[in-house]
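Novice: Next comes the sequence, and after it the predicted model I'd like to discuss.
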Amino acid sequence: MTEQAISFAKDFLAGGIAAAISKTAVAPIERVKLLLQLRTHRFGEAVGSAF
């Protein structure tokens, strides 16, 4: 393997690891956000349908 290929492999692996860590860290926050958005939407429909 050439030096350029090794450098590319290291960068590719580092990017993959960084993506996995960031997805793992952000996924629970996104889930809570989604649940809050859905709860608010349902509440808004219930209030709107009363009138």
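Specialist: On my side now, so go ahead.
Novice: Tell me which stretches of this protein form helices.
Specialist: 3-49 (DSSP state H).
Novice: which sections of it are below the confidence cut-off?
Specialist: 40-51 (pLDDT under 70).
Novice: The same query, at a cut-off of 90, please.
Specialist: Counting by pLDDT under 90, the chain contains low-confidence ranges at 1, 37-51.
Novice: What about residue 35, how many residues nearby?
Specialist: 10 (other CB atoms under 10 Å). In short, each C-beta sits where N, CA and C put it, glycine included.
Novice: Sorry, wrong one. I was asking about residue 3.
Specialist: 7.
Novice: Next: residue 20.
Specialist: Neighbours around residue 20, by other CB under 10 Å: 10.
Novice: same thing with the one 4 residues further on?
Specialist: Residue 24 is flanked by 9 other residues according to other CB under 10 Å.
Novice: Quick check: the gap between it and residue 37.
Specialist: Remark: distance between residue 24 and residue 37 (CB to CB, to the nearest Å) = 22 Å.
Novice: Check residue 3 too.
Specialist: Taking CB to CB, one finds residue 3 at 49 Å from residue 37.
Novice: got it, and residue 29?
Specialist: Counting by CB to CB, the gap from residue 29 to residue 37 is 13 Å.
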